[in-house]
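> whatever this is, show me its structure:
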Amino acid sequence: MTVTIKDVAKLANVAPSTVSRVIANNPRISEKTKLRVREAMEHLGYHPNFNARSLANRSTQAIGLVMPGSADKAFQNPFFPEVIRGISTIVHEKEYALYMSTGQTEDEIHDGVVRMVQGGRVDGIILLYSSVDDKVMNYLIEKKFPFTLIGKPFKNEDAITHIDNDNFKAAREMSDYLISLGHDKIGFVGGSSHLVVTIDRLLGYEKSLRIHQIPYRDEYIIHEEFLKEGGQEAIRKLMALEEPPTALLVMDDLMAFGVLSTLSEMNISVPDDISVLSFNNVMLADFSTPALTSVDINIFQLGYEAAECLMDLIAKPDRTPRRVAVPYRLVERQSCMAISAPKKKTI
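Numbers count the residues shown, from 1 in each chain. So this is what the prediction gives:
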């Protein structure tokens with residue numbers, strides 16, 4: 001026989017309406033009562049009918065995730081499983097489901113989001129990237145559909161709830177760090193120049209060079225995909241220069257792994273011949289050869305905050321947009337070393 005709300009109410013000695021409020025996690029119900037009702041649900045093996053709930057309150061109990069490109073490429077990068085782990089923590093607490101949208105091209109990604117929104121499949125969306133003049137973001141703004149962004153908007157920053165590190169400051173500080181080790185030939189290996197994270201970090205890198213009166217060299221700037229192959233391509237181009245860099249600022253650990261493996265094949269020693277500093281501090285950074293000096297950007301926290309902000313927006317659509325700044329820190333390992341006396345900072 002199917003267990004009903006009335007059965008749960010009888011066992012917990014509460015009204016059926018109280019059981020419904022506990023299922024909806026109504027804040028007006030005491031934690032003591034919630035615990036008693038949930039214990040009764042577990043004892044009877046009762047599972048709420050979320051489809052019926054969705055019809056009743058016009059909620060899908062689902063949120064959409066929008067990836068930057070195809071899933072097969074995105075999931076090669078440890079950043080995305082970790083940020084989704086952070087998102088899933090909140091989603092699980094709120095008893096929501098995740099609905100993922102990917103595409104090979106910008107148009108395919110946009111079409112998938114339009115289907116999610118117009119088909120009423122999700123209550124809100126999290127964008128896992130930020131790019132210049134993004135069609136998806138413009139569409140969500142136009143439709144006034146709840147969404148949060150992991151990254152910084154290229155424009156309308158005050159009108160969009162976004163969760164990010166201070167990428168300009170981080171890249172400037174990391175460039176300062178390499179300069180403090182004596183390097184003045186520093187390569188920059190970034191992702192697409194259309195990604196806001198690449199733009200901000202490149203600007204931070206440029207700022208550091210200017211402060212220290214080090215010439216900016218176009219040939220030291222390489223843009224590739226955030227993949228191991230991207231790092232491999234980048235380092236081949238840089239080491240083929242007549243005057244190759246002695247240090248690299250790499251925008252992503254996966255790219256840095258490609259850099260390290262290719263340098264090993266070329267019999268170029270890290271850090272004796274070239275220092276490598278990267279971003280993300282994924283778990284594998286500690287196990288690379290040599291262990292990778294990397295910036296911990298708190299990937300899990302980025303996802304967690306993005307989901308929490310989205311749930312808040314879904315509950316309070318008129319809430320003022322906000323920016324959540326997630327801290328970062330440098331994790332020093334064995335891929336960087338000093339090559340001369342530290343340079344003095346010039347203002």
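> which residues touch stretch 286-297?
Contacts to stretch 286-297, defined as C-beta atoms under 8 Å, 6 or more residues apart in numbering, come from residues 165, 170, 174, 253, 256-257, 260, 264, 270-271, 275-282, 285, 326, 328-336. All C-beta atoms are positioned from the backbone trio N, CA, C, and that covers glycine.
> of those residues, which belong to helices?
Residues of these located in helices (DSSP state H): Ala170, Met174, Asp253, Ala256, Phe257, Leu260, Ser264.
> which parts of the protein are strands?
Using DSSP state E, the strands of the chain run over 62-66, 97-101, 124-127, 147-150, 162-164, 186-190, 221-223, 247-250, 275-279, 293-296, 323-325, 329-331.
> the fourth one pairs with which strands?
Strand partners for strand 147-150, identified by DSSP bridges, are recorded as strand 124-127 (parallel), strand 162-164 (parallel).
> same question for it, mean pLDDT?
Taken as a whole, strand 147-150 has an average pLDDT of 97.
> swap in the second one?
Mean per-residue pLDDT for strand 97-101: 87.
> could you give me the ChimeraX selection string for whichever of the contacts of stretch 286-297 are buried?
Of the contacts of stretch 286-297, the buried ones can be selected in ChimeraX as follows, counting by 16 or more other C-beta atoms under 10 Å:
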select :165,170,174,253,256,257,260,270,271,275,276,277,278,279,280,281,282,285,326,328,333,335,336
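> just to revisit the earlier point, any chance of the strands of the chain in JSON lines, plus distance to Met137?
Formatted as JSON lines, the entries for the strands of the chain read as follows, by distance: least, C-beta to C-beta, whole Å:
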{"stretch": "strand 62-66", "distance to Met137": "9"}
{"stretch": "strand 97-101", "distance to Met137": "14"}
{"stretch": "strand 124-127", "distance to Met137": "6"}
{"stretch": "strand 147-150", "distance to Met137": "7"}
{"stretch": "strand 162-164", "distance to Met137": "10"}
{"stretch": "strand 186-190", "distance to Met137": "21"}
{"stretch": "strand 221-223", "distance to Met137": "21"}
{"stretch": "strand 247-250", "distance to Met137": "27"}
{"stretch": "strand 275-279", "distance to Met137": "23"}
{"stretch": "strand 293-296", "distance to Met137": "26"}
{"stretch": "strand 323-325", "distance to Met137": "15"}
{"stretch": "strand 329-331", "distance to Met137": "29"}
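> lowest average pLDDT across the ones you listed?
Out of the strands of the chain, the stretch the model trusts least by mean pLDDT is strand 97-101, with a mean of 87.
> okay, the angle between it and strand 62-66?
In this structure, strand 97-101 runs at an angle of 30 degrees to strand 62-66, with axes from the mean of the first three to the mean of the last three C-alpha atoms, to 10 degrees as the basis.
> would you mark the buried spots in strand 97-101?
Leu98, Tyr99, Ser101.
> isn't the first one right up against Leu65?
Yes - at 5.9 Å, Leu98 counts as touching Leu65 under the criterion of C-beta atoms under 8 Å.
> any stretches of the chain with poor pLDDT?
Counting by pLDDT under 70, the chain contains low-confidence ranges at 1, 49-58, 70-72, 340-347.
> what about Lys152, neighbour count?
When counting by other C-beta atoms under 10 Å, one arrives at 20 neighbours for Lys152.
> okay, now the residue lying closest to it once chain neighbours are set aside: neighbour count?
Spatially, and ignoring its direct neighbours in sequence, Lys152 is nearest to Asp164 (4.8 Å; C-beta to C-beta, 6 or more residues apart in numbering). For Asp164, the tally of surrounding residues (other C-beta under 10 Å) stands at 22.
> which strand residues bridge Asp164?
So, taking DSSP bridges as the rule, Asp164 has Ala325 as bridge partners.
> okay, the strands paired with strand 147-150 in TSV with distance to Pro27 next?
Supplementary listing: the strands paired with strand 147-150 in TSV, determined by distance: least, C-beta to C-beta, whole Å:
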stretch	distance to Pro27
strand 124-127	20
strand 162-164	24
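> between the ones you listed, which one is closest to Asp184.
strand 162-164 (29.6 Å; C-beta to C-beta).
> my read is that Thr89 contacts Glu308, right?
No - taking contact to mean C-beta under 8 Å, the distance of 9.2 Å between Thr89 and Glu308 leaves them out of contact.
> these two: which is more packed in?
Ranked by neighbour count (other C-beta under 10 Å), Thr89 and Glu308 place Glu308 first, with 19 against 15.
> gap between the closest residue to that one other than its chain neighbours and Phe300?
Excluding the flanking residues, the one nearest Glu308 by C-beta to C-beta, 6+ apart is Ile90, at 5.2 Å. As judged by C-beta to C-beta, to the nearest Å, Ile90 and Phe300 stand 11 Å apart.
> returning to what we had before: from the buried residues of strand 97-101, pick the one nearest Thr148.
Each of these was scored against Thr148 by C-beta to C-beta, and Leu98 proved nearest at 14.0 Å.
> let me see the contact set for the closest one.
With contacts defined as C-beta under 8 Å, 6+ apart, the neighbours of Leu98 are Ala62, Ile63, Gly64, Leu65, Ile84, Ile87, Ser88, Val91.
> kindly recompute the last result at 7 Å.
For Leu98, the set of contacting residues under the criterion of C-beta atoms under 7 Å, 6 or more residues apart in numbering consists of Ile63, Leu65, Ser88, Val91.
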